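Colleague: quick one, structure for this:
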Amino acid sequence: MRRFSKFTVMIAASALVLTGCGGKSGGSSDSADACKGSKGSGPKVGLAYDVGGRGDQSFNDAAYTGMKKAISDLKASCSEAKAAQGENDATRAERLRTLATAGYDPVIAIGFIYSPAAATVAKEYPKTHFAVIDGYSQFLNKKPVANLVDLTFAEQEGSYLVGVAAALKTKSKHVGFVGGTHGDLIKKFEAGYTAGVKAVDPSIKIDVKYLTEDPNDGATGFENPAGGKTAAQGMYDAGADVVYHAAGKSGLGVFQAVQAAGKGHWAIGVDSDQYLSASAAQKPFILTSMLKRVDTAVFDEIKAVGDNKAPSGNVTYDLAHNGVGYATSGGFIDDIKSKIDEYAAKIKSGAIKVPTVPAG
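Modeller: Reported below is the predicted structural model:
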C-alpha cells in the first residue's frame, strides 16, 4: 500500500498553539473540543495541526477524519493543537515535547512547517513515534531517525486528474489556479493541474495566482478567504469558468467567488471532498475536489504504532496506492469520469509521468 521515496526539502511557515482535549484557550474552541471524550484503550495520539486549524474544510479536517476513524476503529484517544500566529521552530518544538512528555504516542504533526521541530524532538524522545504530514524532517539530520517518518503525497497526480476535468468542462477555454504560498509543495499542485489541462487541450488559457510569493507567510496564503475570493473573482471576471484552489482555508473565498459568478462557473476543491462541507448555495458550483488522503496517512500511522510496526524514513501516498484521487460528489463529472479514469490508468502504469514543477 505504500512506497518509499525522497521528498524535496521545502521551506514555509505556519503558526499553531497546543491545547489539550477539552482544554481552554483564546479563540475558537474547535480544536479544544475535537477529542473530547476520547478515552479508549488504544493508541494515545497527539495531533498538532497546520495553519488554519481544524475547520478549514480541507487539509486539517482531512487529518481529523483519520483521527476520528482511529477513535472508532482502534479505540484511540487524542489531544490536539490549536492555531495561533507568530510562532517559530522553537515554539513548535516545545509543543511536540509537551505532547511527548504527556505520553502521547504517536505524535503527528500536520504540515511541513513542523519538519525542523520534529527532526530535533524525535531524537530527544526515542521511545515516542513522530510523523510529519508533508514532512522533510528526515533530510534535516545527518542520518535517519528510527522513530520519525515523513508522510508525503503525489499531489501532482491528483491535480492532473482535476486538470483533465477542468479542461473537459470549460466552455470558455479559460481556467484558473489559486495557490496559497509560492513554495515547492503548492507548485506541485499547479504543475499537475496545468499538465492535466494541457494534455486535453493545449490551447486552453490558464491563469495562475498565488496569494503570497513569500513561502514563509502562511497566514496570507492559507488563512485568507478574502484574498482567495479576490483572486478567484479576478479570474472569473477575466473569462475563466473553472478555478482550482490549493490554498487551505483561503479556498473558502474561492467558493464565495464562484457562487457570486453564478451559473456556468465552477470551482475545484482540494484535500477533502469539499462538496460535502460546502453550503447548500455553493454545492452547485463545486465541480470536483482533488483528494489528498491525509486521513488515510493519519490512520495508517496510528494503526502502525498500535501494531508495533511504525514506519520510519519517508512514506509516499500516490495515485497507484489510493493516496490521491478526485471526488465525484454532486454528479457533475459523471459524464466525463471514464475519460478521467483513462488518464488515471496511464499515470498508474507509468505511461504518463506527471511533473512536479510547473512548465516554464
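
Colleague: so residue 267 makes contact with residue 258?
Modeller: Yes - at 4.0 Å, residue 267 counts as touching residue 258 under the criterion of C-beta atoms under 8 Å. Every residue, glycine included, has its C-beta placed from N, CA and C.

Colleague: what's the overlap in contacts for those two?
Modeller: Common contacts of residue 267 and residue 258, defined by C-beta atoms under 8 Å, 6 or more residues apart in numbering, comprise 232, 243, 285, 286.

Colleague: and residue 345, how many neighbours does it have?
Modeller: 12 (other C-beta atoms under 10 Å).

Colleague: how close does it sit to residue 320?
Modeller: Using C-beta to C-beta, to the nearest Å, residue 345 is found at 10 Å from residue 320.

Colleague: in the stretch 1-150 of the chain, what spans have low per-residue confidence?
Modeller: 1-34, 37-38, 82-83, 85 (pLDDT under 70).

Colleague: what ranges do the helices span in this protein?
Modeller: 30-34, 59-74, 89-101, 115-124, 155-169, 184-200, 218-222, 225-237, 251-261, 274-277, 294-306, 337-349 (DSSP state H).

Colleague: for residue 330, which of those helices is the nearest?
Modeller: Nearest of the helices of the chain to residue 330, taken as C-beta to C-beta: helix 274-277 at 5.0 Å.

Colleague: in the closest one, which residues are buried?
Modeller: For helix 274-277, a neighbour-count test (16 or more other C-beta atoms under 10 Å) marks 274, 275, 277 as buried.

Colleague: name all residues that make contact with the second one.
Modeller: The neighbours of residue 275, taking C-beta under 8 Å, 6+ apart as the test, are 269, 283, 286, 288, 289, 327, 329, 330.

Colleague: okay, now the nearest residue to it once chain neighbours are set aside: neighbour count?
Modeller: Of all residues not flanking residue 275 in the chain, residue 329 sits nearest, at 4.0 Å (C-beta to C-beta, 6 or more residues apart in numbering). For residue 329, the neighbour count with other C-beta under 10 Å is 16.

Colleague: touching, residue 329 and residue 272? I think so.
Modeller: No - contact criterion C-beta under 8 Å: residue 329 and residue 272 do not qualify, at 10.6 Å.

Colleague: need the residues touching each of those two.
Modeller: residue 289.

Colleague: tell me which two of the shared contacts of residue 267 and residue 258 sit farthest apart.
Modeller: Once C-beta to C-beta is applied, these give 232 and 286 as the farthest pair, at 12.5 Å.
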